[in-house]
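Student: Here is a sequence with its predicted model. Questions after.
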Amino acid sequence: MATYGQINAENITSSTGGVISPNITSLRNRIINGAGTISQYNGSTATTNTAGSYYFMDRWLVYDGSGGSHFSVGQNKGGVTPPTGFTNYIGINVTSAVSASASNNFSLQQQIEGFNIADLAWGTASAKTVTLSFWVYSSLTGTFGGSLRDNGADYFYPFSFSIPVANTWTQISITITGATGGTWLTNNGRGIGVLFDLGLGSSFQGTGGAWTTNSYYTVTGATPLVGTNGANYYITGVQLEVGAQATSFDYRPYGTELVLCQRYCEGLYYDPSGFAVVSNAFATLTAQWASWSFAVQKRAQATVTLVNGSWSATPTINGGTNLARFNNNTSSFYLSGTSGQLALLATAEL
């Protein structure tokens, strides 16, 4: 049975759904970039989402299932002061309001890799209880929702929480009993999907506070953020940890958090001075390549895209076009010739 509660601002009061003294176990938080510290995708610049899954900050995506672009998203979007002890947050603003149809999915999500939740023993009788905690701020008040789900999206735990005062940071704690059913990957696939409702249609709504095989991504009656033009939703200090109570936020060194993020996304900067330009570099035996190793081994083979700079030749791979050719899949790739400096982004998100 879930317990819900607001956490004492000083992070030291012990109560149901509240904070207890910190757990000193290393990397106890299964959420990566829960405080919005790392933003390799767009830096501090807000962007407008595209339809479907749109990663706008490290490990965080907004999902827009209506085929449109309804949000402006980014690190510290809105420019409000974060809660005490935090310097950043994940920011969302509604730029084009819409009334969600029954099958529409508007949500904020993070996918946790299976390797990072293997010890939870979910899907067995030994499943461990976890607690999800976070700070949230919205221009709207009322009941809000979200869920945890397995890789196959056939086992869900919908939850609810209250934002009683508009434009004020509220700290939330939700304790969730371990999942004895479902299929929970323990490899480099999606182990747990964590979702916050931004306006899910009625087909995705149901009773919260218990595991279910119904596709309940949120609770019935949750406030639909996307239905109000100009509405905002800011969140930080997101933590998912083992145990029946939240502990204070697991602050990790900046370098550690960056490395954790780079498994899924890495910004790459290249100055190819003197590097020859070769047309159709990967389709010919006369190709000239530069081998480039990633700083961190990727979760899976990455997609490398051009962020800034220009190519003077488009490399061809097996009749298609790409910016890079990979070697050893997750550790390095070959880059074709170009002129000028390049900024690239390598992504291997879940």
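Tutor: Happy to help now that I have it.
Student: quick one: contacts for Ile31?
Tutor: Residues near Ile31 by C-beta atoms under 8 Å, 6 or more residues apart in numbering: 59, 110, 112, 194, 238-240. Glycine gets a C-beta too; all of them are placed from N, C-alpha and C.
Student: I'd like to know how many residues surround Thr84.
Tutor: 10 (other C-beta atoms under 10 Å).
Student: That one and Gly237, how far apart?
Tutor: Remark: distance between Thr84 and Gly237 (C-beta to C-beta, to the nearest Å) = 11 Å.
Student: most centrally placed residue in the chain?
Tutor: The centroid of the chain falls nearest to Trp60 when counting by C-alpha atoms, centre = their mean (2.3 Å).
Student: Quick check: pLDDT value at that residue.
Tutor: pLDDT for Trp60: 98.
Student: residues contacting it?
Tutor: Applying C-beta under 8 Å, 6+ apart to Trp60 gives the contacts 33, 36, 90, 108-110.
Student: For these, which PyMOL command selects only the ones that are buried?
Tutor: Buried residues within these, by 16 or more other C-beta atoms under 10 Å, are selected in PyMOL with:
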select buried, resi 33+36+90+108+109+110
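Student: Out of the contacts of Trp60, which sit inside strands?
Tutor: Those of the contacts of Trp60 mapping onto strands are 90, 108-110, per DSSP state E.
Student: Any chance of the residues you listed in TSV with distance to Ala97 and pLDDT as columns?
Tutor: TSV is the format used below for the ones in strands among the contacts of Trp60 (distance: C-beta to C-beta, whole Å; pLDDT from 0 to 100):
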residue	distance to Ala97	pLDDT
Ile90	20	98
Leu108	17	98
Gln109	21	98
Gln110	25	98
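Student: just to revisit the earlier point, sitting in strands, which of the contacts of Ile31 do you find?
Tutor: 110, 112, 194, 238-240.
Student: How about the contacts made by the residue nearest to Val242 when sequence neighbours are not counted?
Tutor: With C-beta to C-beta, 6 or more residues apart in numbering as the criterion, Val242 has its nearest non-adjacent residue at 5.3 Å, and that residue is Lys128. With C-beta under 8 Å, 6+ apart as the criterion, the residues that contact Lys128 are 119-122, 178, 242.
Student: any idea how far Ile174 is from Ser160?
Tutor: Distance from Ile174 to Ser160, by C-beta to C-beta: 9 Å.
Student: okay, these two: which has more neighbours?
Tutor: Remark: of Ile174 and Ser160, Ile174 carries more neighbours, 24 against 21, as counted by other C-beta under 10 Å.
Student: was I right about the more buried one contacting Val130?
Tutor: No. Between Ile174 and Val130 there is no contact under C-beta atoms under 8 Å: 9.3 Å.
Student: before we move on, what SS does Asp119 have?
Tutor: Per DSSP: H, G, I helix; E, B strand; the rest coil, the secondary structure class of Asp119 is helix.
Student: Quick one: the ones in strands among the contacts of Trp60 as JSON lines, columns for distance to Ala100 too.
Tutor: Shown next, in JSON lines, are the ones in strands among the contacts of Trp60 (distance: C-beta to C-beta, whole Å):
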{"residue": "Ile90", "distance to Ala100": "21"}
{"residue": "Leu108", "distance to Ala100": "15"}
{"residue": "Gln109", "distance to Ala100": "16"}
{"residue": "Gln110", "distance to Ala100": "21"}
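Student: tell me the two of those that are most distant?
Tutor: Across the ones in strands among the contacts of Trp60, no pair lies farther apart than Ile90 and Gln109, at 11.0 Å, counting by C-beta to C-beta.
Student: how close does the closest residue to Gly181 other than its chain neighbours sit to Thr223?
Tutor: What sits nearest to Gly181 in space, not counting adjacent residues and going by C-beta to C-beta, 6+ apart, is Tyr155, at 5.6 Å. In this view, Tyr155 and Thr223 are 25 Å apart by C-beta to C-beta.
Student: Same check on Thr177?
Tutor: Counting by C-beta to C-beta - Thr177 and Thr223 are separated by 25 Å.
Student: Over to Ser215?
Tutor: Taken as C-beta to C-beta, the span from Ser215 to Thr223 is 20 Å.
Student: Of these two, give the one with the bigger neighbour count.
Tutor: The neighbour comparison of Ser215 against Thr223 (other C-beta under 10 Å) goes to Thr223, with 20 against 16.
Student: Let me have the contacts of Trp60 in TSV, adding distance to Tyr264 as columns.
Tutor: As requested, the contacts of Trp60 are exported to TSV (distance: C-beta to C-beta, whole Å):
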residue	distance to Tyr264
Asn33	10
Gly36	15
Ile90	16
Leu108	16
Gln109	13
Gln110	10
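Student: any idea which of the contacts of Trp60 is closest to Ala302?
Tutor: Using C-beta to C-beta, these come closest to Ala302 at Asn33, 17.8 Å.
Student: re earlier: determine which two of the contacts of Trp60 are furthest apart.
Tutor: Gly36 and Gln109 (14.5 Å).
Student: Which one (most neighbours) among the ones in strands among the contacts of Ile31?
Tutor: Of these, with other C-beta under 10 Å as the count, Val238 tops at 27 neighbours.
Student: Where does the prediction get shaky in the stretch 151-300 of the chain?
Tutor: Applying pLDDT under 70 to the stretch 151-300 of the chain flags the ranges 270-291.
Student: Now with 80, please.
Tutor: Applying pLDDT under 80 to the stretch 151-300 of the chain picks out residues 269-292.
Student: Which parts of it are helices?
Tutor: 254-262 (DSSP state H, counting those that start in this stretch).
Student: Strands of that one, start to end?
Tutor: Using DSSP state E, counting those that start in this stretch, the strands of the stretch 151-300 of the chain run over residues 156-163, 170-176, 190-197, 205-206, 218-219, 232-242, 246-247, 265-270, 289-293.
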